[in-house]
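Enquirer: What follows is a predicted protein model with its sequence.
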Amino acid sequence: MIGAEYCRTMAAYNAWQNKQLVDALGGLPPGELGRDRGAFFGSIFATINHLLWADGVWVARFDGGERPAGSIADSLRLTGHLSDWLPARDAMDQRIKRWAAKLSDHDLEGDLTWYSGSIGREITRTKALCVVQIFNHQAHHRGQIHAMLTASGDEGYVTDLPFMPDGD
């Protein structure tokens, strides 16, 4: 299905996208970050918090490290301010890149079993499918964020994978 090189590419893509997102967030007029825009999680800030939380949950399943506390509902308030979110996001991106850098294709074989709080039961899926999930989930919610940013008057930013700069 996928290999270690896919994971390294997507980890770099994730970090690149989040760097661009940080620049866009910094240019928002006051009040826009927390404004309810009718999106799935309401605001840009709630959505970036959820994405940070979910990345932490998934990468903890992969690297055995610490996972964030709480549920999906709690994820919307993972950090209280952008100044708290920024270093947490950077640390998460670096954690994902470190995890991906150590992977071999063999590490993606077999199954992963975990307890899902969102559906209240244990689940087993292939490791490869779960890894695709983390990157797909990121793209999904960043797409929502991008739409909310452009609706707020931001120009948006490049999201196409082929245009990722070399070395990211």
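Expert: Sure, I can see it. Being a predicted model, the structure only gives us computed values, none of them experimental.
Enquirer: Could you find the closest non-adjacent residue to residue 58?
Expert: Of all residues not flanking residue 58 in the chain, residue 134 sits nearest, at 4.2 Å (C-beta to C-beta, 6 or more residues apart in numbering). In short, each C-beta sits where N, CA and C put it, glycine included.
Enquirer: again but with residue 118, I slipped
Expert: Leaving out its chain neighbours, the residue that sits closest to residue 118 by C-beta to C-beta, 6+ apart is residue 72, at 5.8 Å.
Enquirer: Return the residues in contact with the one you found.
Expert: Contacts for residue 72 (C-beta atoms under 8 Å, 6 or more residues apart in numbering) come out as 50, 53, 117-118.
Enquirer: and the residue nearest to residue 58, what element?
Expert: Element membership of residue 134 [criterion: DSSP states H and E] is helix 127-151.
Enquirer: okay, the residue nearest to residue 118: pLDDT?
Expert: Residue 72 carries a pLDDT value of 95.
Enquirer: related to what we said a few turns ago, so the residue nearest to residue 58 sits right up against residue 57, yeah?
Expert: No. Applying C-beta atoms under 8 Å as the test, residue 134 and residue 57 come out as separate, 9.1 Å apart.
Enquirer: that older thread, got a list of contacts for the helix holding residue 134?
Expert: Residues external to helix 127-151 that are found in contact with it (C-beta under 8 Å, 6+ apart): 1-2, 7, 10, 13-14, 17, 21, 24, 28, 37, 39-41, 43-44, 47-48, 50-51, 54-55, 58-59, 61-62, 96, 107-112, 156-157, 159.
Enquirer: 7 Å instead, please
Expert: For helix 127-151, the surrounding residues in contact (C-beta atoms under 7 Å, 6 or more residues apart in numbering) are 1-2, 7, 10, 14, 17, 21, 24, 37, 39-40, 44, 47-48, 50-51, 54-55, 58-59, 61, 108-112, 156, 159.
Enquirer: what's the answer for stretch 94-109, then?
Expert: 2-4, 7-8, 11-12, 14-15, 55, 59, 62-63, 127-128, 131.
Enquirer: In helices, which of these appear?
Expert: Under the assignment DSSP state H, those contribute 4, 7-8, 11-12, 14-15, 55, 59, 62-63, 127-128, 131 to helices.
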